[in-house]
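>>> Got a sequence here, can you model it:
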Amino acid sequence: MPYYIQSKLGIKETTKLCVQYFWCGFKDAFAWPSSLITIYGSETIRNRTRNCFILNGLIFLGSIFFFNHITIPTLHFFFGKTFFISLNQRNNSGDVIHSPFLTNILDTIIALTYQLFWVYPIFLLSFVLNAVWYQEIADRAYQLQFGQPVNSHFTYNRMLRLMADEIYRAILFMNYLVFATIIHIIPFIGPIISFISFCWIYAYYSFEYKWINKGWKLEKRIEYFEERWAYFAGFGFTFTVITFFVDQFLSAGVFALFFPLYIIMANNALPMPRQNERTRFSSFIPYRLPVFWKKRIKTLMNREYLLSLDFYQFVLKLIYNL
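Now for the predicted structure:
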């Protein structure tokens, strides 16, 4: 029986292949009709998505819009005018003078008060509730598509390993987010790298629920992601566009509002390539791109070290090393 040896592609052909993968991811992130059908067809998903819309869309984003476009202009009109009259800020004609400097100070005080007593509490509340709702949406969507998630019997050793995985994962992604944020300040190239980094992190967040429900360990999830870096850059592109160019609170609110759709779309997607094509890639373009700097993270912390120590001893050592 004859077999065929795949020839290695040149730089141009490999680049074209990566662009095709990017485009596949980009298109999969627009599978909104199927996501809406999934939402409509499941009471659990429908209720949790509605909760996300009310909390993140109406309450969180709605309050920010109300504050910026109604509260502040109203305060400028009434309170600001009274404030400047009390300071006897008038010109020779007797008209009230509005000092831009004092107006900015008032705006800053009001904005800080608003953020401290409303935005941050709502943000923290939504963070907790969203985490619960996202998990329920992901679990139910997975059940509809693939059946029951992979369940393993809990043992003491498995609990320790899961604990180590979560600590390892938290540090890995914290490191990545800090990098993506700091790199933005570098002129010209910094914002581009930061944008691409957020494309990847949003795509990973969307797909991770599915991979965990499949029973994939962290190493397999990262390997699978890094071998399909072009596809996932395309999948996270649109999500990054609608969140990257606004301030942090608007970005967080928009992310939380649309994330349920991306969880469902990721659950239905088939990332490219669907088989190992390492031998076809040009030597000048990496088949597996170390997006999350896994080897560097492993030098800071390895799982066996975590499992060999008492948890509290590990925390103390970690704090001491920081």
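
>>> need the helices for the stretch 1-150 of the chain, in chain order.
Ranges of helices in the stretch 1-150 of the chain, per DSSP state H, counting those that start in this stretch, are 11-28, 32-41, 43-52, 62-66, 72-75, 81-86, 100-114, 120-146.

>>> I'd like these written out as TSV, with mean neighbour count and mean pLDDT added.
For every residue, glycine as well, the C-beta is placed using N, CA and C. TSV is the format used below for the helices of the stretch 1-150 of the chain (neighbours: other Cβ atoms under 10 Å; pLDDT from 0 to 100):
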stretch	mean neighbour count	mean pLDDT
helix 11-28	16	94
helix 32-41	14	92
helix 43-52	18	95
helix 62-66	15	92
helix 72-75	14	80
helix 81-86	13	52
helix 100-114	12	77
helix 120-146	16	91
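
>>> Quick check: which of those helices is nearest to I189?
When those are compared by Cβ to Cβ, helix 11-28 sits nearest I189, at 19.5 Å.

>>> Does anything pack onto the closest one? Which helices or strands?
Counting contacts by 3 or more Cβ pairs under 8 Å, 6 or more residues apart in numbering; DSSP states H and E, helix 11-28 packs against helix 229-235, helix 237-244.

>>> Highest mean neighbour count out of the ones you listed?
Of all those, helix 229-235 has the most neighbours on average by mean count of other Cβ atoms under 10 Å, namely a mean of 26.

>>> quick one: contacts of that one?
The set of residues external to helix 229-235 that reach it, using Cβ atoms under 8 Å, 6 or more residues apart in numbering, is 18-19, 21-29, 196, 199-200, 203-204, 206-207, 225, 266, 269, 271-273, 288-289, 291.

>>> again, 7 Å this time
With Cβ atoms under 7 Å, 6 or more residues apart in numbering as the test, helix 229-235 has contacts from 18, 21-26, 28-29, 196, 199-200, 203-204, 225, 271-272, 289, 291.

>>> circling back: could the helices of the stretch 1-150 of the chain go into a markdown table alongside distance to T279?
Shown next, in a markdown table, are the helices of the stretch 1-150 of the chain (distance: least, Cβ to Cβ, whole Å):
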| stretch | distance to T279 |
| --- | --- |
| helix 11-28 | 12 |
| helix 32-41 | 34 |
| helix 43-52 | 41 |
| helix 62-66 | 51 |
| helix 72-75 | 60 |
| helix 81-86 | 72 |
| helix 100-114 | 57 |
| helix 120-146 | 30 |
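
>>> among the ones you listed, which is nearest G253?
helix 62-66 (6.9 Å).

>>> E227 versus the most centrally placed residue in the chain, what's the distance?
Per Cα atoms, centre = their mean, the C-alpha nearest to the average position across the chain is that of Y202, at 4.0 Å. Separation of Y202 from E227 (Cβ to Cβ, to the nearest Å) stands at 18 Å.

>>> next one: F239
Going from F239 to E227 by Cβ to Cβ gives 21 Å.

>>> again with L289
Going from L289 to E227 by Cβ to Cβ gives 8 Å.

>>> One more: T279?
T279 is 13 Å from E227, by Cβ to Cβ.

>>> which of these two has more neighbours?
Neighbours were counted for T279 and for E227 using other Cβ atoms under 10 Å; E227 has more, 19 against 11.

>>> residue ranges with poor pLDDT in the stretch 101-250 of the chain?
For the stretch 101-250 of the chain, the stretches with pLDDT under 70 are 101-103, 151-170.

>>> Compute the number of surrounding residues for the nearest residue to S126 once chain neighbours are set aside.
Leaving aside its sequence neighbours, S126 sits nearest to L55 (Cβ to Cβ, 6 or more residues apart in numbering; 5.4 Å). Number of residues near L55 (other Cβ under 10 Å) recorded here: 20.

>>> Was I right to think L55 contacts L129?
Yes - L55 lies in contact with L129 (Cβ atoms under 7 Å); the separation is 6.3 Å.

>>> Let me see the residues that make contact with stretch 46-66.
Applying Cβ under 7 Å, 6+ apart, the contact partners of stretch 46-66 are 39-40, 118, 122, 126, 129-130, 133, 136-137, 249-250, 253, 256-257, 260.

>>> And the furthest pair within these?
Of all pairs drawn from those, the greatest distance, 33.2 Å, lies between Y40 and W118 (Cβ to Cβ).
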